[in-house]
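Predicted model follows, preceded by the sequence.
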Amino acid sequence: MANKPFAITLKPGTSLANLTGSWRSSRPVYLNRLPPCNNACPAGENIQGWLFHAESGDYEQAWRVLVRDNPLPSVMGRVCYHPCETSCNRGQLDEAVGINSVERFLGDEAIKRGWKFDAPAASTGKKVLVVGAGPSGLSAAYHLARMGHQVEIQEAGPLAGGMMRFGIPKYRLPRDVLDAEVQRILDLGVTLKLNTKVENIEQSMQLGAFDAAFLAVGAHIGKRAMIPAGDASHIVDAVSVLRSMEGEDKPMLGRKVVVYGGGNTAIDVARTVKRMGGEPLIVYRRTRDRAPAHDFEIEEALQEGVMIKWLSTIKQAEAGEITVERMELDDKGFPQPTGEFEKLEADSVVLALGQDVDLSLLQGVPGLDVKDGVVQVTPDMMTGFPGIFAGGDMVPSERTVTVGVGHGKKAARNIDAWLRGITYVPEPKHEIATFDKLNPWYYSDADKTVRPMLDIIRRQTSFDEVQGGLDETNALFEARRCLSCGNCFECDNCYGVCPDNAVIKLGPGKGFEFNYDYCKGCGICEAECPCGSIKMVPEDI
Amino acid sequence: MSFQPVKFYQTGTYTVGNRLLAPDARSVQAGELRSNSINSGHRACQGCGEALGARYAIDAAMAESNNQLIAVNATGCLEVFSTPYPESSWQVPWIHSLFGNAPAVATGVAAAMKVKGKNNVRVVAQGGDGGTTDIGFGCLSGMFERNDDVLYICYDNEAYMNTGVQRSSATPPTARTATTMPVGPEPGNVFGQGKNVPEIAMAHGIPYVATATVADLRDLEYKVRKAMKMHGARYIQIFVPCPLGWGSASHDTIRLARLAKETGMFPVFEAEHGEVTGVLKIRNKQPIEDYLKPQKRFAHLFGKHAHPEMVAHLQAIADRNIRKYGLLDEEKAHG
Amino acid sequence: MLKQIEGSKAVAEAIALCRPEVICAYPISPQTHIVEALGEMVKAGDLTPCEFINVESEFAAMSVAIGSSAAGARSYTATASQGLLFMVEAVYNAAGLGLPIVMTVANRAIGAPINIWNDHSDSLSQRDSGWMQLFAETNQEAVDLHIQAFKLAEELSMPIMVCMDGFILTHAFERVDIPTQEQVDGYLPPFDPRQMLDPAEPVSIGAMVGPEAFMEVKYLAHAKQMQALELIPQLAAEFKQQFGRDSGGLVRTYRADDAETMIVAMGSVLGTVKDTVDELREQGHKIGVLGIISYRPFPLKEVRAALVNCKRFVVLEKSLAVGMGGIVATDVRMAVSGTGLKGYTAIAGLGGRNITKASLHKLFLEAEQEQLPPVTFVDLDWDVVNKQLEREKQNRHSGPIAENILYDKGMSSSAKFG
């Protein structure tokens, strides 16, 4: 510049000498907030994390991130009641992201492509016994195996899957899907012993020289209700009906089948009966909005022609008929008898009133605490007996497949720690990325992808899967509806909107960092970050 | 919509970038190698819309001209905060002459390029609304009618900010400025005055006229790039909120620009040879109050001595814009 | 080549020979014929490459020239009077930015009252703008000064006004020797700007400069003009070598060797002055002439040297510093300060009033006899002036001065018919 006119001509870009960062009274920082979906997932899946990869079409990587937490995505994508979607922030924008459908797509894609789990860590030399091959047991076995432990599952039944096989009808969960995901776990080197009922856990542990055990025997004993019944009446429990659907001998229930209860199991039985050509009638003592079954399941059942009698209790069962009493809800919402009775045709009555746990294997184990028919466990899933952990339906829980899978993971982590003589300390949870943290303007308008449903005639007459899956194009679309709440998805907004060029773009996958030499602290980056991944914090002045 | 929305890529149409987009489909601002025509260290206030708008626009012009660009600047905030001796923020060849002559200086630069045979070197002139719609208006009109090969960009923050927030012919009715104080029976700037320069520009029949805001980067870049592909006189007016002059939070700069567009207060459109050829539709129409309330310059319209009739008048102006330019989709307009 | 040609046309041809690349044109008498002629040459393809821009005002004219000059193009415009005043902000700016623009000022009075005729009020009002100002005595000199001006401006990177008397020169048909293109090309090299707007080497031109450096910037502009005092005679000498003519320089004297009375003037009036001096010389008066060509920079040393041996001098100027007296005279008096010389100021020819030999005779003789007041208004109609002064003394609402004067002089229609 020496030869340029003094002062009135300046060298380009020299304002870099002026460090405007000193103007700042608060500074932006990047942070990860916990997406509500992740927070809501009973299995502790990093949903936003795997959707991130699905968004770019890298389904294998998405699946790999998914199965870090849950080895059964294809099952999950069918049977999970997806609390993730209930809490999804996109629900406040248009409709929740179809997380469940993308999960199923990834699970099915993995089966189709034959993707295998990453190889287990180096062997620890420890042996763990898992009792029960249901969702919780399989989950625990999977995680323990990946941690390098030697795992043996002992299952009382003839096939693996627990309630996934013997409780959930085929039209919701085709068995080839279940078989494939179980086999992939076994491929990790997990030993599965079928038809092996553990009668005494201490004995079984000693016999096999196990260092620890995880009990997940589930809850398979159908609850009975005291219904005055004639000798000729035909009363069975729902669990038995569903279990017998898996065997050679299908249950003989007659044409008119009354299902007693308002939970998901009642719905499953009624829809099963419909498919076998019967005429199911659900009798439930309260109203639809108070029924424990998920409303979409009730809706699907009604679509298929299942009849439901709300506000009714069975007072008596005789051959071919039952007597029901009409109920009324009191001001607290409890059903109260009215004294009005009605007779209904019923070739059989199926009780779907919940299940109890068979705790016989625990007899004689000292220190165990059993309350309300379930085993009490500490927050790290250990029973009162050191080294024996428990999870799934046999411990206090919501009794869903997803909760069971979550228990299995949590137990595995604690068992692993216990075996190493340490305590497992979970990472502290980030603050939740609530809707108010987002700037939803930026998201493109995109309605949820509707999954195809089987046509109604085939739903009424066959056990074909009711709900179809997504294909590659709409799975990608659905994944891209994710708002990536609380986690940077490299939209470049902060980099673009800074009036001071004080955001440095580090390149694909590397995110951004602030250049505090120049950041004036205006806060536009925070305000315009779509996903709430920036926070302004006061400067120490 | 005057520009093609990006095929559904989560946010691709609205955010600056998106990792899922092919590089050539990304905005200029998303690029790691964008020109940063106006560099860090400038002395604009926190959250300055003009600093942002200028970088958006000039970077886009740089990209489109293959970095063969000369910028002319009118006196004003942009000039003062970018080039106080001994530091310049500009990374492009840049000249500032006077408050009211940027269009003419640009004409001179363009003439020089033509006569020197440097046909690849393009010329952009820029100024604030005062420098454009008031004091520089004669030169602007002259440049337009001669159809000189200049893209003129007006950064519209609706008042003379550099001199301490005085009214310009771009100041909206009711707005408080230092020369339209919120006192008397008709507080703030009066109704029935002001100048619609984009429409006046159109009346010159010049090849291209457009409006844009700092809230719609892709639309802005599309318009700058389109303008740069053309020759002759072109005019783009970019709406750039001013936290200082408007009494708004520094982090609300983009939000207010968005609201100006979403309320219909600032119609975003483009025109070729005097005819409107495209509008940026309102996505989700907002009431005018949502735009006014975050700004202290409109504070006297609300509160204890509120002026609902003036708010209604402003709403009517916004609604008229919506009708006139067709800013709402049919179904939304009737819905 | 010798041509009988209108002054404006001659200047236009000279400008064209200088290969200007951008010409900004806005009509105002009496410079209009220059840009008209140039416009025709560009349009006909005789002057190429050149952009001829019909701007919307003088402010734009100078602004366009600022842009084109800063972008490296040799830039030219012409103006006068109100036009010059309308572009003042840009005039100062061009100088401040150090842009070597050449502008013809066809000197003309400034209104009100509006008046299209010649005096020097317009360019002299821009005395401190930072522009150099060269005054032509003849159309030949106007032609020559323009050629020198481009070289001088570009050498120093400072703008120049070449001043020529409106109508008296611009519209006068005289014999002028128009040089050839080869001659001009041999004298004036292509424009090599000190700096320019160039994407290959970006600079920011026109920074805001605060108290910490502003004075230095201003001093540097002053220093440039001081350099011009050396450069102008040098360029005149080179010009003579190339073109074989004495033209330009800082000052020029006429019959001054033994003069006891010196007449100092600028521009075309020097012709009448010289004629008058010739006549007075024949009558034995020891009288001579000092013509100032370079008004800015003002050649203090040369003026002093030219006057130091006389006994008295009269500055005859076509400009008035209202409330003070002479404009040029002030500078001349400064040049001779300390010499004890007797100096007179004669204001003449404002608004195009004829400066006659008879009036000059009278003026010079009175000066020789030292009977002049310090400031003389040549050929002022005292009758009219006194009447108006009297009228105003009696009546605050005495009406517009210009109309009253016309009435008094019997020149207005109301005087004739009212």
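It's in. Residues are numbered from 1 along each chain as shown, chains lettered A, B, ... in the order given.

And the residue of the stretch 151-300 of chain A found nearest chain B, how close does it get to A:A43?
Closest residue of the stretch 151-300 of chain A to chain B, Cβ to the nearest Cβ: A:F296 (26.4 Å). (C-beta placed from N, C-alpha, C; glycine too.) Distance, A:F296 to A:A43, using Cβ to Cβ, to the nearest Å: 20 Å.

More neighbours: which of these two?
With neighbours defined as other Cβ atoms under 10 Å in any protein chain shown, A:F296 and A:A43 compare such that A:A43 has more, 27 against 10.

Could you verify my assumption that that one touches A:K410?
No: under the criterion of Cβ atoms under 8 Å, A:A43 is not in contact with A:K410, lying 9.6 Å apart.

List the buried residues in stretch A:304-311.
When burial is assessed from 16 or more other Cβ atoms under 10 Å in any protein chain shown, stretch A:304-311 yields the following buried residues: A:E304, A:V306, A:M307, A:I308, A:K309, A:W310, A:L311.

and if you look at stretch C:250-269?
Buried residues in stretch C:250-269 (16+ other Cβ under 10 Å): C:250-256, C:259, C:261-269.

Looking at those residues, which are in helices?
C:V269 (DSSP state H).

Which ones, among the buried residues of stretch C:250-269, also lie beside chain B?
Counting by Cβ under 8 Å from any Cβ of the partner chain, nothing from these sits close to chain B.

Sitting in strands, which of the buried residues of stretch C:250-269 do you find?
Among the buried residues of stretch C:250-269, the members falling in strands are C:V251, C:R252, C:T253, C:Y254, C:T261, C:M262, C:I263, C:V264, C:A265 (criterion: DSSP state E).

Including distance to chain A and pLDDT, could those residues go into JSON lines?
JSON lines is the format used below for those (distance: Cβ to the nearest Cβ, whole Å; pLDDT from 0 to 100):
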{"residue": "C:V251", "distance to chain A": "30", "pLDDT": "98"}
{"residue": "C:R252", "distance to chain A": "33", "pLDDT": "97"}
{"residue": "C:T253", "distance to chain A": "37", "pLDDT": "98"}
{"residue": "C:Y254", "distance to chain A": "40", "pLDDT": "98"}
{"residue": "C:T261", "distance to chain A": "45", "pLDDT": "98"}
{"residue": "C:M262", "distance to chain A": "40", "pLDDT": "98"}
{"residue": "C:I263", "distance to chain A": "40", "pLDDT": "98"}
{"residue": "C:V264", "distance to chain A": "35", "pLDDT": "98"}
{"residue": "C:A265", "distance to chain A": "36", "pLDDT": "98"}
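
And those, which is closest to chain B?
Nearest to chain B among those, with distances taken as Cβ to the nearest Cβ, is C:V251, at 34.1 Å.

and that closest one, what does it touch?
By Cβ atoms under 8 Å, 6 or more residues apart in numbering or on different chains, the residues touching C:V251 are C:L290, C:G291, C:I292, C:I293, C:S294, C:P299, C:E302, C:V303, C:A306.

from those, which is closest to C:M161?
Distance from C:M161 was checked for each of the contacts of C:V251 by Cβ to Cβ. The minimum falls on C:S294, at 11.2 Å.

was I right about that closest one contacting C:A136?
No: using Cβ under 8 Å, C:S294 is not in contact with C:A136; the gap is 11.4 Å.

which SS state does whichever residue of the stretch 151-300 of chain B sits closest to chain A fall under?
As assessed by Cβ to the nearest Cβ, chain A sits closest to B:H251 within the stretch 151-300 of chain B, at 3.2 Å. Using DSSP: H, G, I helix; E, B strand; the rest coil, the structure places B:H251 in helix.

Noted, bye for now.
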